[in-house]
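**Student:** Dropping a prediction and its sequence here:
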Amino acid sequence: MHSMLHPFRRSGLAGSALTLAAAASLTLASTSTEAQRTRRGPATEPIVSVYEVKTEPVRERVAAVGSGRALAQVTLTTRVAGVISEVLFKGGDRVEKDQVLVRLASEPEAIAVETAEAQRAQAFDQVERYKQLNEASVSRVVRAEAETALKVADAALRRAREELDRMTIKAPFAGIVGLTNLQTGDYLAVGNPIATLDDRSTIVIEFTVPEAVAPQITTGMPVRASLAARPGEIYNGKVAGVGTRIDPITRTLSVRGEIPNPDLKLIPGSTFSVTVQLSGDKSPVVPGLAIQWDRSGAYVWRLTADDTVERVDAAILARDGDRVFIEAKLAPGDRVVHEGGGLLTVGQKVKILGS
């Protein structure tokens with residue numbers, strides 16, 4: 001019987017020993033954790049940077065694409081037919097207003113002017129002689145006939161000079177003339193094109209904006225334009241004109257922008273990307289890093305008086321570089337967490353950087 005009871009007793013002693021060892025291990029682990037906590041000290045408050053909220057008008061940009069044209073552009077023609085005696089320009093020349101470009105052979109017209117000048121001088125002398133005579137010597141009827149003859153001579157001279165002037169084609173405004181194939185001796189019929197003339201000192205860009213923003217577009221608003229072929233180059237201008245009707249098919253409004261072109265780098269006919277900056281109602285503005293996200297959407301951390309944080313839901317309205325316009329229950333002067341808000345929880349106390 002002793003041989004049967006002896007193993008049982010040994011097994012019970014072994015179990016007791018294991019139990020005591022486990023308890024001792026837990027006690028040591030607990031003591032070790034407490035020792036580590038004692039060495040670390042109390043939990044530290046997260047350090048964050050703070051931004052003071054401001055409110056500004058929402059600046060929304062409207063983008064469009066438009067084709068540029070010269071401020072003034074025309075195809076030069078002639079009102080009379082004739083043979084070209086001189087071509088006084090080359091394609092690409094920059095010309096001034098009233099500069100002579102082409103002369104037509106005009107001997108008959110010049111002779112007509114000389115004849116009209118002589119007839120006018122004769123009629124004028126006749127009127128002057130009658131003025132020196134008394135009324136008894138010259139009747140009132142004769143004086144009136146002489147004055148009428150002078151008026152007719154004046155009109156004939158003006159007409160002769162105008163016909164002579166038509167034989168000279170001048171630039172109606174300052175600009176750059178296009179290419180031409182005309183040469184001295186060519187016959188130029190009425191209405192035949194001579195060359196194009198463009199005033200490129202300003203480039204006009206025609207574009208459209210959506211109906212939703214049409215009421216906000218006004219004359220004088222700033223416009224930024226860039227060439228589609230060279231998007232890195234930005235040119236600043238303004239809105240010069242706004243249409244008066246919404247297109248019933250496209251539901252857009254026509255807008256005309258003007259871009260100064262003093263160095264004449266911009267060429268009419270180029271395609272431009274245009275943006276117009278709009279100003280709307282005021283809204284809070286915060287740095288982009290202040291915006292946090294979770295499954296419920298965007299939000300910011302607002303600091304209370306005792307530097308604890310509370311969540312404020314936000315809807316993003318527009319971006320301006322690193323600044324974000326939001327719709328949120330924030331007032332000017334409210335403090336929001338700028339950097340360091342990624343691991344915060346509601347009601348957590350924080351330490352402000354630099355304080």
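**Tutor:** In hand now; what should we look at? Residues are numbered from 1 along each chain as shown.
**Student:** Could you give the number of residues near the closest residue to Gly237 other than its chain neighbours?
**Tutor:** Spatially, and ignoring its direct neighbours in sequence, Gly237 is nearest to Ile259 (3.7 Å; C-beta to C-beta, 6 or more residues apart in numbering). For the C-beta atoms, the positions are set from N, CA and C on the backbone; glycine is no exception. Other residues within reach of Ile259, judged by other C-beta atoms under 10 Å, total 21.
**Student:** Mind listing the residues bridging to Ile259?
**Tutor:** Ile259 has these beta-bridge partners by DSSP bridges: Ile203.
**Student:** is it true that Gly220 lies in a helix?
**Tutor:** No. With DSSP: H, G, I helix; E, B strand; the rest coil as the criterion, Gly220 is coil rather than part of a helix.
**Student:** I'd say it and Val239 touch.
**Tutor:** Yes. Counting by C-beta atoms under 8 Å, Gly220 touches Val239, with 6.3 Å between them.
**Student:** Who has more neighbours out of these two?
**Tutor:** More neighbours surround Val239 than the other of Gly220 and Val239, with 19 against 8 (other C-beta under 10 Å).
**Student:** Phe89 versus that one, what's the distance?
**Tutor:** Val239 sits 35 Å away from Phe89, going by C-beta to C-beta, to the nearest Å.
**Student:** Then Glu147?
**Tutor:** 45 Å.
**Student:** So for those two, which residue has more residues nearby?
**Tutor:** Ranked by neighbour count (other C-beta under 10 Å), Glu147 and Phe89 place Phe89 first, with 22 against 15.
**Student:** doesn't Val177 make contact with the more buried one?
**Tutor:** Yes. Contact criterion C-beta under 8 Å: Phe89 and Val177 qualify, at 5.3 Å.
**Student:** any common contacting residues for the two?
**Tutor:** Val95, Leu101, Ala195 (C-beta atoms under 8 Å, 6 or more residues apart in numbering).
**Student:** Serialize those to TSV and add fields for secondary structure, neighbour count and pLDDT.
**Tutor:** Converted to TSV, the shared contacts of Phe89 and Val177 look like this (DSSP: H, G, I helix; E, B strand; the rest coil; neighbours: other C-beta atoms under 10 Å; pLDDT from 0 to 100):
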residue	secondary structure	neighbour count	pLDDT
Val95	strand	18	95
Leu101	strand	21	96
Ala195	strand	23	94
